[in-house]
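# Sequence isn't available, so here's the structure alone:
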């Protein structure tokens, strides 16, 4: 797969967000990948993963049967003929099992598991409980890997079948079985092999399950960290109803819009437009992190950010002022797009906002209130290349920035307002960039 671009490539959580295949699968040779995904055509990742596990189990079972076919034939060719026939049949069964994927999402898994259960019961009948081969039935719980939690009833049915087979082995099958009943050495070797194999398989499957769970949790953490501010993400983890709503008395809100960008995109391919915005907004996001502001969202080619949502009003105003200056610099440094130069127009206002998390399927963190609307008006009534701010923001950030008075202007929906242009960082103030 191509390397991710933009913020996905630079964000510290990018490795948790990008939809990559399993690394060990990608490292397999072409022949190995063909075997691993034999018969799999479903586009659904969860189905493909279950069917891949089914192919792995079929491969392991087939190799195990082939190994025992050779080993048993070398040990006693004539005395173990029934077992030889079973092992040969199991090899053939496992080789063609992948063809059943076309019949349904878990068709191959169910047939394979039922076949292994009955086949193993036959082996137990042949060698008896003295071989301890019935210990393999204790691995039945891991059939959930093959059928998935969404098919839990099927899983319970398969577990029930394995339990019946185990009970039948314990209470109905003779201790020494029906084949070479007098060969205690053979049964002792089989018992040792069964115990060691069960031990290793339990450990391997447990590690696999816990590793998959850990990676899923990491991906979830990465997604939350990418979508929400850190302090909100921490609160969301412990919130019972996933409802987070805050009232912030003095929040500084920045609206930024790119002037001339829309017309520059008319002759461009969609992929080029998206790639350009991705690169530009990635730099914006990095500037937000650098100055301690919080990105709220993008709106087309517009950008909305806020400062002071943690209750630190003056620090938030300083962060938003520094961010606005930095974003203006970034846009000035950005080459023309589509043969046309473009600039920016920004607006800032400070005041009370409501902030919270909304949505169930696709959650987002947003802010609402007249302060947001006023910041939008500051942007729309501003001038290209300038950062237009309200009197409220100027009062809050006066110790950190220089301002150029614009005077009283008529603001749509707000009436007469005294506004300013952010002129730069005060040389005698505390601000620095």
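Great, that's in hand. Values in this document were obtained by computation on a predicted structure and should not be read as measured data. Numbers count the residues shown, from 1 in each chain.

# longest single helix anywhere in this protein?
Longest helix in the chain by number of residues (criterion: DSSP state H): helix 184-227.

# between the helix or strand that it is followed by and helix 184-227, how many degrees?
As assigned by DSSP states H and E, the chain's next helix or strand after helix 184-227 is helix 230-238. Helix 230-238 and helix 184-227 are oriented at 130 degrees to each other (axes from the mean of the first three to the mean of the last three CA atoms, to 10 degrees).

# can you pull the buried residues of the next helix or strand after helix 230-238?
Remark: after helix 230-238, the chain's next helix or strand is strand 244-259, criterion DSSP H and E. Buried residues in strand 244-259, defined by neighbour count with 16 or more other CB atoms under 10 Å: 244, 246, 248, 250-259. To be clear about C-beta, it is placed using only N, CA and C from the backbone, and glycine gets the same treatment.

# Which single one of the residues you listed is nearest to residue 365?
Nearest to residue 365 among the buried residues of strand 244-259, counting by CB to CB, is residue 244 at 8.1 Å.

# Could you double-check that that closest one lies in contact with residue 235?
Yes. Counting by CB atoms under 8 Å, residue 235 is a contact partner of residue 244 at 5.7 Å.

# and residue 276, what element?
helix 270-291.

# What residues of stretch 183-190 count as buried?
Buried residues in stretch 183-190 (16+ other CB under 10 Å): 183, 186-187, 190.

# Contacts for that stretch, please.
75, 127-128, 130-133, 176-177, 180 (CB atoms under 8 Å, 6 or more residues apart in numbering).

# Give the buried subset of those residues as a ChimeraX selection command.
Burial among the contacts of stretch 183-190 is assessed by 16+ other CB under 10 Å; the matching ChimeraX selection reads:
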select :127,128,130,131,132,133,176,177,180
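
# As a markdown table, the contacts of stretch 183-190 with pLDDT would be great.
Converted to a markdown table, those look like this (pLDDT from 0 to 100):
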| residue | pLDDT |
| --- | --- |
| 75 | 93 |
| 127 | 95 |
| 128 | 95 |
| 130 | 94 |
| 131 | 94 |
| 132 | 94 |
| 133 | 94 |
| 176 | 93 |
| 177 | 93 |
| 180 | 93 |
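
# Pull the most distant pair out of the contacts of stretch 183-190.
Among those, 75 and 132 lie farthest apart (CB to CB), at 17.9 Å.

# and the longest helix of the chain with helix 270-291, angle?
80 degrees.

# Helix 184-227: how far from the chain's middle?
21 Å (CA atoms, centre = their mean, to the nearest Å).

# average pLDDT for that helix?
Mean pLDDT, helix 184-227: 84.

# next one: stretch 46-64
For stretch 46-64, the per-residue pLDDT averages 92.

# ok, now stretch 356-370?
On average, stretch 356-370 scores 84.

# Show the end-to-end separation of that stretch, please.
16 Å (CA to CA, to the nearest Å).

# Run through who's touching that stretch.
Taking CB under 8 Å, 6+ apart as the rule, stretch 356-370 contacts 227-229, 232, 236, 242-246, 251, 253, 296-297, 306, 309, 351-355.

# now it, how far from the centre of its chain.
On CA atoms, centre = their mean, the centre of stretch 356-370 falls 21 Å from that of its chain.

# Tell me the buried residues in it?
So for stretch 356-370, counting by 16+ other CB under 10 Å, buried means 357, 365-367, 369.

# again, but for stretch 327-343
Buried, per 16+ other CB under 10 Å, within stretch 327-343: 327-328, 331, 334, 337-338, 342-343.

# can you tell me which of those are in helices?
327-328, 331.

# out of those, which one sits closest to residue 148?
Once CB to CB is applied, the member of these that ends up nearest residue 148 is residue 327, at 46.4 Å.

# Mind pulling up the pLDDT for the closest one?
pLDDT, residue 327: 95.

# measure it to residue 283 for me?
Distance, residue 327 to residue 283, using CB to CB, to the nearest Å: 9 Å.

# again, but for residue 86
65 Å.

# Same question for residue 125.
70 Å.

# So which elements touch the helix or strand containing residue 61?
Using DSSP H and E, residue 61 sits in helix 45-75. Judged by 3 or more CB pairs under 8 Å, 6 or more residues apart in numbering; DSSP states H and E, helix 45-75 is in contact with helix 30-36, helix 81-96, helix 107-127, helix 144-147.

# Give me the distance from the shortest one to the chain's centre.
Taking the mean C-alpha point of helix 144-147 and that of its whole chain, the gap between them comes to 21 Å (CA atoms, centre = their mean).

# And for the first one?
Distance, stretch centre to chain centre, for helix 30-36: 25 Å (CA atoms, centre = their mean).

# Identify each buried residue in that helix, please.
In helix 30-36, counting by 16+ other CB under 10 Å, buried: residue 36.
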